[in-house]
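Novice: for reference, the sequence and a predicted model appear below.
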Amino acid sequence: MKLDEEHPDVHRLFLAVYKNFIEAVDAIDNGINQYETDQSPKYVNTTTLSSRISRLNLNWYDDDQSPEKEDQAFQHAMTLVGSDCIHFHAKSWLPARAVVMECLAARKNIDPSGEIMLLTRSCPWKLHIFELEVEMKIDPVLKYVIYQVLL
């Protein structure tokens, strides 16, 4: 999917990637805690994205510690991490938004109150519903979302 730089979805995608990825990585990198706390952690978590990415840095025992090798390691980390987030938002998150918008627009076909929405296909709808209710001025707000669970 190619979009013109001025297309509103480009800005929407940027904000989603920033909020759901860049902001957290930047905060962790700068030592900003997610929660206010004065207690020590009950365990050490070395499975976070930042921990895993830090292991992609050059090892202290590598003979070649040149800026070129460091840059290669950084580029490798960026490729592994960034593409996953961008791929999800471009290929799943954004198309799901269109599905939810369509289902919201058709909600009165399901029930005249407009408080029930039928999700016509499986998608990450919870990521969009509240924002779209405001954006589309849904009144009254939804009480129920109905969808089929495939077993």
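Specialist: That came through fine.

Novice: distance between the helix or strand of the chain with the lowest mean pLDDT and the chain's centre?
Specialist: In the chain, no helix or strand scores lower on mean pLDDT, DSSP states H and E than helix 49-54, which sits at a mean of 81. Taking the mean of its C-alpha atoms, helix 49-54 sits 18 Å from the chain's own mean (C-alpha atoms, centre = their mean, to the nearest Å).

Novice: got the buried residues for that helix?
Specialist: Buried residues in helix 49-54, counted by 16 or more other C-beta atoms under 10 Å: residue 53. From N, CA and C alone the C-beta is placed, and that goes for glycine too.

Novice: kindly provide the whole-number mean pLDDT of the helix or strand following it.
Specialist: For helix 49-54, the succeeding helix or strand toward the C-terminus, using DSSP states H and E, is helix 67-88. Along helix 67-88, the predicted confidence averages to a pLDDT of 86.

Novice: heads up, I number from 497, so please use that
Specialist: Yep, numbering from 497; the last one is helix 563-584 now.

Novice: list the contacts of helix 563-584.
Specialist: With contacts defined as C-beta atoms under 8 Å, 6 or more residues apart in numbering, helix 563-584 is touched by 513, 516, 517, 521, 545, 549, 552, 553, 554, 558.

Novice: ranges for the strands of this structure?
Specialist: Here the chain has its strands, by DSSP state E, at 612-614, 640-642.

Novice: turn the ones you listed into JSON lines, columns for distance to residue 532 and mean neighbour count.
Specialist: Output for those, formatted as JSON lines (distance: least, C-beta to C-beta, whole Å; neighbours: other C-beta atoms under 10 Å):
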{"stretch": "strand 612-614", "distance to residue 532": "36", "mean neighbour count": "18"}
{"stretch": "strand 640-642", "distance to residue 532": "33", "mean neighbour count": "13"}
